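1. sequence first, then the predicted structure:
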Amino acid sequence: MCKFLNRYLSFCLFALVSIIPLPAVAADNTTPDSIADSIGIVGGSQPADGKIKASEHIPLLNNLPRLDVGRAASAKDIAAWDIDIRYDGEGLPAGEMNVEKGVDIYDNKCAVCHGDFGQGEGRWPVLTGGFNTLTNQGGSHRPEKTIGSYWPFVSTLYDYIRRAMPYNAPQTLSNDETYGLVAYILHLNDLVDENFVANAETLKNFKMPNAPNFYPDPRPDVNNTACMNNCRSKDELAVLETITGVTPLEHLEEINETMAPPESVTAAPDTNTVVAEQYEQFCGLCHNNGIANAPRLEAKADWQTRLTNAGTFDKLTESVINGKGAMPAKGGAVQLSDKEIAAIVKYILFTNDIK
């Protein structure tokens, strides 16, 4: 990704030389015409082989007037984004951890959702088992797609855990901790013994059982042509089914009402499906389980105390928006608007009959 980005930026800078007037005199007293001639642009002559070497034009580009927009990306900036890991293990970082130490990490940060042994809690994803079930068809014997039975590459497991887990605090695990979780999850699937140490070398050489069943799709690409004339009326089309996600919601009542952001805590609660789902998706992990001393959803006394200490509903909502104690701003759900956060706070208070 970074290599592509560097090439793209170099191309853009090179293209700018053709359209932005150069300074009358460059830092080394060369004129615009001499610069152009030396790199074969803006009317200058092209090199004999038709190719322009980076070593010839990049130093000269430094003489262009700066636009003073942003700043140069540092090595630290690039490293923060350059965390992708290829299927073959390229990109795996330094570090390691064995199965035994991985158990403690898993118990503290993963078991609340995925179960003590990867069996999954409620409808949270199952991580283990499912071997020899992928050819099952329907009924109670459906395929069980777990890390052990389905995933083709173990490097994908490391990549996903590092990017997205734990659910309530993604990208907080160290490289060593992530290796420990990979080692323990492989052990739970009986793919390694208790002495296995996960690191870049062992994961690159590791073969997942279902890897041979993944192969390039031989079907050709199909280009869909957009309808521009005599198209079907939108009134003839209907949405037959929607997917609302996999977060467990069976304990919540679905009320098909239009959600309106609350103006005050004394207004009628907006307990429709959208607010309930947002609470469950972004807040439920901590507030349903009391993680990091978070008040549980139905702990009325705790919520009453928080409202009393805040003074008003708006002040309580403001503390959620800005973050407080162990809870980050908006509970980590920075994509939610302030009004959506207010609706969730209102939903919690009305669940406890606090007005």
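-> Happy to help now that I have it. Numbering: from 1, shown residues only.
2. quick one: low-confidence parts of this protein?
-> For the chain, applying pLDDT under 70 flags the ranges 1-63, 137-140, 237-272.
3. now do the domain split for it, please.
-> The chain breaks down into these domains under automatic domain parsing: 2-61, 96-213, 273-351.
4. okay, the ones you listed in a markdown table with mean neighbour count and distance to residue 89 next?
-> Every residue, glycine included, has its C-beta placed from N, CA and C. Putting the domains of the chain into a markdown table (neighbours: other CB atoms under 10 Å; distance: least, CB to CB, whole Å) gives the following:
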| stretch | mean neighbour count | distance to residue 89 |
| --- | --- | --- |
| domain 2-61 | 13 | 18 |
| domain 96-213 | 18 | 3 |
| domain 273-351 | 17 | 30 |
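5. and these: which comes nearest residue 219?
-> Among the domains of the chain, domain 96-213 comes nearest to residue 219, with 16.8 Å by CB to CB.
6. separation between the closest residue to residue 144 other than its chain neighbours and residue 217?
-> Distances taken as CB to CB, 6 or more residues apart in numbering place residue 130 nearest to residue 144, at 3.1 Å, with adjacent residues excluded. Here residue 130 is placed at a distance of 23 Å from residue 217 (CB to CB, to the nearest Å).
7. and if you look at residue 104?
-> As for residue 104, its distance to residue 217 is 41 Å (criterion: CB to CB).
8. ok, residue 98 next?
-> 38 Å.
9. residue 226 too?
-> If you go by CB to CB, the gap between residue 226 and residue 217 works out to 24 Å.
10. can you check residue 127 too?
-> Taking CB to CB, one finds residue 127 at 27 Å from residue 217.
11. what's near enough to touch the nearest residue to residue 96 once chain neighbours are set aside?
-> Among residues not flanking residue 96 along the chain, residue 199 sits closest, at 3.5 Å (CB to CB, 6+ apart). Applying CB atoms under 8 Å, 6 or more residues apart in numbering to residue 199 gives the contacts 92, 95-96, 179.
12. so which of the residues you listed belong to strands?
-> Among these, the ones falling in strands (DSSP state E) are residue 96.
13. now distance to residue 313 too, for the contacts of residue 199, in TSV please.
-> Listed next are these as TSV, based on distance: CB to CB, whole Å:
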residue	distance to residue 313
92	48
95	46
96	49
179	45
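14. neighbours around residue 64, how many?
-> When neighbours are defined as other CB atoms under 10 Å, residue 64 has 16 of them.
15. my read is it is in a strand, agree?
-> No: with DSSP: H, G, I helix; E, B strand; the rest coil as the criterion, residue 64 is assigned coil and is not in a strand.
16. gap between it and residue 72?
-> Applying CB to CB, the value for residue 64 to residue 72 is 14 Å.
17. ditto for residue 85
-> 26 Å.
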